[in-house]
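1. What would the 3D arrangement of this be:
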Amino acid sequence: MSETSQGPGWWLASDGRWYPPELWAGPPALGHPPVGPPPAATPSAPQNGALSGPPSPAHYPPDRCRHQGADPAKTNVLAVASLVCSILGFFILTAVIGVILGFVARSQIRNSRGTQRGDGLAVAGIIVGFCWLALFVVQIIVAAAHSNGGSDTVGPQALAGLAAELLHLT
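-> This next block holds a predicted model:
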């Protein structure tokens, strides 16, 4: 124990003193460990009442917990709304709203500097919303092919004719 570092491996404890590497007990545990008296001194410890090292991590008071001061990141509400609207996308309008909310939520999350989370929810809302919109477009194409075919069923000829028309347009 010293007021200044004595070389490589020495570490600064919370009491402001430097300790040798052999006394390192590891980082303090996360959470709120029990607070109690420090463990009994080891036989090699000085008998003059000096502390032989910092208290073990189990004896750090709750105000020394590393995570206590930081608020956990909050989930972006628009990301959740995006996914919910996109899941209800069979109403088409909600799929469009879900996609828009997803992009807005991703922008807000990126600009929050770590205070918001939910990027995965926003991406899922965008993907599900686009899937519903793609399904709607396919439904329109099939309905158009069905009305042009003149029969009550959509057959391979109608779909092949529609594909041929699409290829000629490009």
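2. From residue 143, how far off is residue 9?
-> 75 Å (C-beta to C-beta, to the nearest Å). From N, CA and C alone the C-beta is placed, and that goes for glycine too.
3. for residue 117, that is, sorry about that
-> The value you get for residue 117 to residue 143, if C-beta to C-beta is used, is 41 Å.
4. Compare the two and say which one has the larger neighbour count.
-> residue 117 (15 against 11; other C-beta atoms under 10 Å).
5. Got the domain ranges for the protein?
-> Here the domain parsing of the chain from automatic domain parsing is 1-70, 74-169.
6. Pretty sure residue 82 sits against residue 105.
-> Yes: Residue 82 is within contact range of residue 105, at 5.5 Å (criterion: C-beta atoms under 8 Å).
7. shared neighbours, these two?
-> By C-beta atoms under 8 Å, 6 or more residues apart in numbering, residue 82 and residue 105 have these common neighbours: 121-122, 125.
8. ok, back up a step: between the domains of the chain, which has the poorest mean confidence score?
-> Ranked by mean pLDDT, those end with domain 1-70 in last place, scoring a mean of 59.
9. Can you show me the helices along this structure?
-> For the chain, the helices defined by DSSP state H occupy 77-87, 93-111, 119-149, 156-169.
10. Next, the angle helix 119-149 makes with the shortest one.
-> Per axes from the mean of the first three to the mean of the last three C-alpha atoms, to 10 degrees, the angle that helix 77-87 makes with helix 119-149 is 30 degrees.
11. picking up where we left off before, between residue 82 and residue 105, which one's more packed in?
-> residue 82 (30 against 27).
12. And for the more buried one, nearest residue in space, chain neighbours not counted?
-> Once flanking residues are discounted, residue 82 sits nearest to residue 125: 3.0 Å by C-beta to C-beta, 6 or more residues apart in numbering.
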